[in-house]
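J.: From the sequence below, what's the structure:
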Amino acid sequence: MKDFLIFENLSKSYSNVAAVKNISLAINKGEIFSLLGPSGCGKTTLLRLCAGFETPDNGRIILDGADITALPPEKRKVNTVFQSYALFPHMTIRENIAFGPKVAGKSKKEVNYEVDKMLALIQLEYEADRKPAHISGGQKQRVAIARALINKPQVLLLDEPLAALDLKLRQRMLIELDQIHDEVGITFLFVTHDQTEAMSLSDRMAVMDKGSIEQVGTPVEIYESPVSSFTAAFIGDTNFLDGWVTKIIDKEYAKINIDGIGKIICFNDRKLKAGDPVHVSIRPEKINMSKTEPEEHRKVNILKGVVENMVYVGTSTKYWVRSGEWLFTTQKLHRRYLLDETPPKWDDDVWISWHADDCYMLEKYREADEQLLTIPDIEEPEDDEPNLDEDESSQENIITDEENKHEK
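T.: Numbering: from 1, shown residues only. Have a look, this model is predicted:
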């Protein structure tokens, strides 16, 4: 695939606040590419720059070999699907979809033919004469997509199109979006703050934070091989450990010393040397937990711990296990009915273990990114014993007050 949509050194600021910082990005023809990040990271600004709704302070936007940076929105071969749908309430579904071709001056016969194709694509042939107020949120979203696609854009821009839908409807719409993409085959640029949406739908994705791109890759690459602490913590959940390399075991593995735990073995993908500092990420589902000590293996790390907290979420239970000075998050999938087993509970002694290959070295680490982790507040037990000193002091004050009254 060749680079089809290119952002070249793009920057955009509002009132001296940088929303997009010198971003360069290439998107392939026909792929679903997602911009993922928290609110304020710059993803929507980047989409608006592509649509022509904003003008960059610096940089260029190239679409299929042509520089479109200075073109107005109506001259660009891109169409946008907004989170709010932006349907005309006084028009029927058919009339909403037909709006673009009519404005373009196409014949009535051609318009009807194209609209019928779009109605079939979104499976709303029998709802064509209804108005937006009389259809569901998911149907409105499909109409908005059809109204954009009927203009035959080279790129479809989707600005958090599923944010207003409930969970089940979002899950269904993700499948439908994928099917629509397979039918039309054009490039989709999808903006979302929802990791599940991006991971489920994308061919590739860019994780953004504070106006910059943290990492670009396939969903598998980004989840399994995060380059930064932000990516590791924002996509799913993880455990962070930090220490230094004490020994290079062989070409693939290194021994790391972690204060409060001791030495662990980690896959040395960054080819660090003895003495180098290191930060690692371990996904909760990679950590096994058991009540009995697992068998030793030279590439498996084994620690003893105590369950400090747990949350049952149906398909799995998330545990927080204290080992030494560290609190580990692990996740146990329920493959069988929970009553058929005796799971660990609060304050139980357990063993946790993980393979060295599941211990991933980070290239960039920021301590602030640990705030993104789902770590419960472990409260210290309250001291219920009365403070005798305070009680005696209070009693003395009462006696003194009484004595003063009598003197008066």
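
J.: Next up, identify which helix or strand L241 is on.
T.: In this structure, L241 sits in strand 239-248 according to DSSP states H and E.

J.: mind listing what that strand pairs with, with the direction of each?
T.: According to DSSP bridges, strand 239-248 forms sheet pairs with strand 253-258 (antiparallel), strand 277-282 (antiparallel).

J.: Does the residue nearest to I122 when sequence neighbours are not counted fall in a helix, a strand, or a coil region?
T.: The shortest distance from I122 to any non-neighbouring residue, by Cβ to Cβ, 6 or more residues apart in numbering, is to R142 (4.0 Å). For glycine as for every other residue, the C-beta is placed from the backbone atoms N, C-alpha and C. State at R142, reduced to three classes by DSSP: H, G, I helix; E, B strand; the rest coil: helix.

J.: Now do the same for K405: its pLDDT.
T.: pLDDT for K405: 44.

J.: same check, this time on E341
T.: pLDDT, E341: 69.

J.: can you pull out the helices in this protein?
T.: Assigned by DSSP state H, the helices in the chain fall at 43-51, 93-103, 108-121, 137-149, 167-184, 195-201, 219-224, 229-234, 388-407.

J.: Mean neighbour count and mean pLDDT added to the strands paired with strand 239-248, as a markdown table?
T.: What follows is the strands paired with strand 239-248, written out as a markdown table (neighbours: other Cβ atoms under 10 Å; pLDDT from 0 to 100):
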| stretch | mean neighbour count | mean pLDDT |
| --- | --- | --- |
| strand 253-258 | 20 | 97 |
| strand 277-282 | 20 | 97 |
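
J.: of the ones you listed, which approaches A70 most closely?
T.: strand 277-282 (42.6 Å; Cβ to Cβ).

J.: Pick the most buried one from the helices of the chain.
T.: Most buried of these by mean neighbour count (mean count of other Cβ atoms under 10 Å) is helix 229-234; its value is a mean of 26.

J.: how about the CA coordinates for that helix, as CSV?
T.: The C-alpha atoms that make up helix 229-234 are tabulated as CSV, following Å, rounded to 0.1, in the frame of the first residue of the first chain:
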residue,chain,number,x,y,z
SER,A,229,4.4,4.4,29.8
PHE,A,230,1.5,6.6,28.5
THR,A,231,0.6,4.0,25.7
ALA,A,232,0.9,1.1,28.2
ALA,A,233,-1.3,2.8,30.8
PHE,A,234,-3.9,4.4,28.4
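
J.: Who are the packing partners of that helix?
T.: Helix 229-234 sits against strand 204-209, strand 212-217, strand 239-248, strand 277-282, with contacts defined as 3 or more Cβ pairs under 8 Å, 6 or more residues apart in numbering; DSSP states H and E.

J.: Recalculate using a threshold of 7 Å.
T.: Under the contact criterion of 3 or more Cβ pairs under 7 Å, 6 or more residues apart in numbering; DSSP states H and E, helix 229-234 touches strand 204-209, strand 212-217.

J.: can you list the domains in this protein?
T.: The chain breaks down by automatic domain parsing into domains covering 3-229, 230-372.

J.: out of those domains, deepest packed?
T.: Across the domains of the chain, averaging neighbours per residue (mean count of other Cβ under 10 Å) puts domain 3-229 on top, at a mean of 18.

J.: mind checking the end-to-end distance for that domain?
T.: Criterion Cα to Cα, to the nearest Å; first-to-last residue distance in domain 3-229 is 29 Å.

J.: pLDDT on that domain, on average?
T.: Mean pLDDT, domain 3-229: 93.

J.: can you redo the helices of the chain as JSON lines with distance to V311?
T.: Converted to JSON lines, these look like this (distance: least, Cβ to Cβ, whole Å):
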{"stretch": "helix 43-51", "distance to V311": "30"}
{"stretch": "helix 93-103", "distance to V311": "43"}
{"stretch": "helix 108-121", "distance to V311": "42"}
{"stretch": "helix 137-149", "distance to V311": "30"}
{"stretch": "helix 167-184", "distance to V311": "18"}
{"stretch": "helix 195-201", "distance to V311": "18"}
{"stretch": "helix 219-224", "distance to V311": "21"}
{"stretch": "helix 229-234", "distance to V311": "18"}
{"stretch": "helix 388-407", "distance to V311": "38"}
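
J.: between those, which gets nearest to D250?
T.: Closest to D250 of those is helix 219-224 (Cβ to Cβ; 22.0 Å).

J.: Dump the helices and strands packed on helix 229-234 to CSV, plus distance to F82.
T.: Converted to CSV, the helices and strands packed on helix 229-234 look like this (distance: least, Cβ to Cβ, whole Å):
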stretch, distance to F82
strand 204-209, 20
strand 212-217, 24
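
J.: Fine by me, we can end here.
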